[in-house]
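K.L.:
Sharing a model prediction with you, sequence too.
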Amino acid sequence: MRLELPPLSRRLAGIVLGVSLLSGCARSDDAANHAPEARLAGALLDMRLNEISGLAASSQHRDTLWMLDDGGNPARLFAVSTSGRRLATFGIEGVTKTDWEDLDAFEFKGKRYLLIADTGDNGGLRRSLQLHVVEEPTTLANARLKPVWSIAFRWPDGARDCEAVAVDAERGEILLISKKREPPELFVLPLQPPARELLTAKRIGLLAGIPAPDPEILRRHPRRARQDALVTAASVSPDRTTLAVMTYRYLLLYPRAPHQDWAAAVAASPRVSVLPWLPQAEALGWSADGRSLYATGEFVPAPLYRITP
């Protein structure tokens, strides 16, 4: 989903202003009950990185993030440094790209993979959606990749938009969070189904603690206020103790106790904070060491933040 933004020169100025006001903005919002440390790690300036809608940290390549862009662009992944420099582009063969919205990196049965979520559906028209799994490249040089396996699925009760997908490889699960439903719904799919057939995602819970619209913003900018809490990304921490969820304005952290499943975890109140300034917050992922989160937006230029919870 694309929101209207000002011209390039004004966006550059916005990055500078947003970073300079970063700490103050986070502390001044009454809806936030937790203020993590956020610092500017870099910036996305390469026009090929316009419309980034998903990211995941590589556990194989130091200081490297994987990113993908939205629908309307070629089927490709980008390797990007943690300072925002594009390192390589990988074309994905044998798939039709409809609306890629999230990305995750995981290790499964001794191999490293990337999961591509073709799950966007702004109009609520898609009858089926796809997830594609590719092996993480061992070399950061332009190349082409083919999925090792793909999953076709549908929702149990009609179409919905989904921009937040995360993998819990230890449980063999893919978590999916609806974008526009109130409250957001949590679904699950098997990570590696035994047969190639159209699956039905299983709804297992609802996300608690989504902030209500800010009254002042609702009065002055009603459309923006309604969009602030729409879910745009998700990521499970490497130690599987926290699910991070991004909306256009907020970062929500759902801790999970050892005895809990994710349905129980998201049913409890999360830690909520206001995100640093982003020109449409759509990409979020834990760092490989699990100590922080990387976040960026969908337009170029865009800041790339490292957020320490």
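P.N.:
In hand now; what should we look at?

K.L.:
helix, strand or coil for Gln219?
P.N.:
Actually, residue 219 is Arg. It isn't Gln. helix (DSSP: H, G, I helix; E, B strand; the rest coil).

K.L.:
again, but for Gln192
P.N.:
coil.

K.L.:
and it, what does it touch?
P.N.:
If you count contacts by Cβ atoms under 8 Å, 6 or more residues apart in numbering, Gln192 has them with 108, 149, 172. Using the backbone N, CA and C atoms, a C-beta is placed for each residue, glycine as well.

K.L.:
Please apply the same query to Phe153.
P.N.:
Here Phe153 is in contact with 128-131, 189, 198-201 (Cβ under 8 Å, 6+ apart).

K.L.:
thinking again about what came up before, which of the contacts of Gln192 are buried, as a PyMOL select command?
P.N.:
In PyMOL, a selection of the buried entries from the contacts of Gln192 looks like this (16 or more other Cβ atoms under 10 Å):
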select buried, resi 108
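
K.L.:
among the contacts of Phe153, which are in strands?
P.N.:
129-131, 189, 199-200 (DSSP state E).

K.L.:
how about CSV for the contacts of Gln192, with distance to Pro270, pLDDT and secondary structure added?
P.N.:
Shown next, in CSV, are the contacts of Gln192 (distance: Cβ to Cβ, whole Å; pLDDT from 0 to 100; DSSP: H, G, I helix; E, B strand; the rest coil):
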residue, distance to Pro270, pLDDT, secondary structure
Phe108, 27, 97, strand
Trp149, 32, 98, strand
Gly172, 24, 98, coil
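
K.L.:
related to what we said a few turns ago, I'd like the ones in strands among the contacts of Phe153 as a markdown table, with distance to Ala265 and neighbour count appended.
P.N.:
Shown next, in a markdown table, are the ones in strands among the contacts of Phe153 (distance: Cβ to Cβ, whole Å; neighbours: other Cβ atoms under 10 Å):
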| residue | distance to Ala265 | neighbour count |
| --- | --- | --- |
| Leu129 | 24 | 23 |
| Gln130 | 27 | 19 |
| Leu131 | 22 | 24 |
| Leu189 | 18 | 18 |
| Leu199 | 23 | 16 |
| Thr200 | 23 | 12 |
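
K.L.:
quick one: which of the residues you listed is nearest Ser292?
P.N.:
Leu131 (26.2 Å; Cβ to Cβ).

K.L.:
in the sheet, who's paired with that closest one?
P.N.:
Ala117, Ile151 (DSSP bridges).

K.L.:
The residue lying closest to Arg48 once chain neighbours are set aside and Asn50: what is the separation?
P.N.:
Spatial nearest neighbour of Arg48, excluding adjacent residues (Cβ to Cβ, 6 or more residues apart in numbering): Arg86 at 6.3 Å. For Arg86, the distance to Asn50 (Cβ to Cβ, to the nearest Å) stands at 11 Å.

K.L.:
neighbours around Ser59, how many?
P.N.:
16 (other Cβ atoms under 10 Å).

K.L.:
Next up, the contacts around the closest residue to it other than its chain neighbours.
P.N.:
Spatially, and ignoring its direct neighbours in sequence, Ser59 is nearest to Ala288 (4.6 Å; Cβ to Cβ, 6+ apart). Going by Cβ under 8 Å, 6+ apart, Ala288 touches 57-59, 238.

K.L.:
Check Asn142 too.
P.N.:
88-90.

K.L.:
could you flag which of the residues you listed are buried?
P.N.:
Of the contacts of Asn142, these count as buried by 16+ other Cβ under 10 Å: 88-90.

K.L.:
ok, the helix or strand hosting Phe78: who's next to it in the sheet?
P.N.:
Per DSSP states H and E: Phe78 is located in strand 76-81. Using DSSP bridges, the strands paired with strand 76-81 are strand 64-69 (antiparallel), strand 86-92 (antiparallel).
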